[in-house]
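Enquirer: Sharing a model that was predicted from the sequence below.
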Amino acid sequence: ERLVESGGGLVQAGGSLRVSCAAPAFNFDDYVIGWFRQAPGKEREGVACISSSDGVPSYANSVKDRFTISSDPAKKTVYLQMNSLKPEDTARYYCTAHPNTHSGCGPWYAGTMDYWGKGTVVTVSS
């Protein structure tokens, strides 16, 4: 498995959780890394993205100012810090990667990331 998510779990509304994505096969300078989520019965949603081409993270409006994407290139790991969690954040969270096309998070916006992990489930109770 090229992308392995971990850190999901059950948390109360208002709480925090950090999910991780181990990506040992990827050189972060060469790839765009993004998080998506999908709740049962709902469409997939891009949550956050980071690209080395411009270094500016992108976020869905629904998570802006609550979620933070970061990476540790030495550990080949990407993190998604989630604060002020809401029940509507409940979903399976997927880590994704795409070769850097020098268009920033373009592939993430388009939902056309090449590589996907199996996801980790986050459940936020009210």
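Expert: Nice, I can see it.

Enquirer: dump the residue contacts of the residue nearest the centre of the chain.
Expert: Nearest to the mean C-alpha position of the chain, counting by C-alpha atoms, centre = their mean, stands residue 35 at 2.1 Å. Residues counted as contacts of residue 35 (C-beta atoms under 8 Å, 6 or more residues apart in numbering) are 19, 21, 46-49, 69, 78, 80, 93-96. In short, each C-beta sits where N, CA and C put it, glycine included.

Enquirer: how about the least confident helix or strand in the chain by mean pLDDT: buried residues?
Expert: When the helices and strands of the chain are scored by mean pLDDT, DSSP states H and E, helix 106-110 comes last with a mean of 91. The neighbour-count check on helix 106-110 (16 or more other C-beta atoms under 10 Å) flags 106-108 as buried.

Enquirer: ok, back up a step: what subset of the contacts of residue 35 is buried?
Expert: Buried members of these, counted by 16+ other C-beta under 10 Å: 19, 21, 46-49, 69, 78, 80, 93-96.

Enquirer: and the least confident helix or strand of the chain, C-alpha only, in CSV?
Expert: Extracted as CSV, the C-alpha positions of helix 106-110 are listed here (Å, rounded to 0.1, in the frame of the first residue of the first chain):
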residue,chain,number,x,y,z
GLY,A,106,-5.4,21.6,-9.6
PRO,A,107,-5.8,17.8,-9.6
TRP,A,108,-7.3,17.9,-6.1
TYR,A,109,-9.8,20.5,-7.2
ALA,A,110,-10.7,18.4,-10.1
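
Enquirer: Next, count neighbours for residue 75.
Expert: Using other C-beta atoms under 10 Å, residue 75 has 12 other residues around it.

Enquirer: That one and residue 44, how far apart?
Expert: Distance, residue 75 to residue 44, using C-beta to C-beta, to the nearest Å: 27 Å.

Enquirer: for residue 5, same thing?
Expert: In this structure, residue 5 and residue 44 are separated by 15 Å, where distance is defined by C-beta to C-beta.

Enquirer: These two: who's more crowded?
Expert: The residue with more neighbours, out of residue 5 and residue 44 and counting by other C-beta under 10 Å, is residue 5; that gives 24 against 13.

Enquirer: For that one, give me the backbone phi and psi.
Expert: When quoted as degrees, to the nearest 10, the phi and psi of residue 5 stand at phi -90, psi 150.
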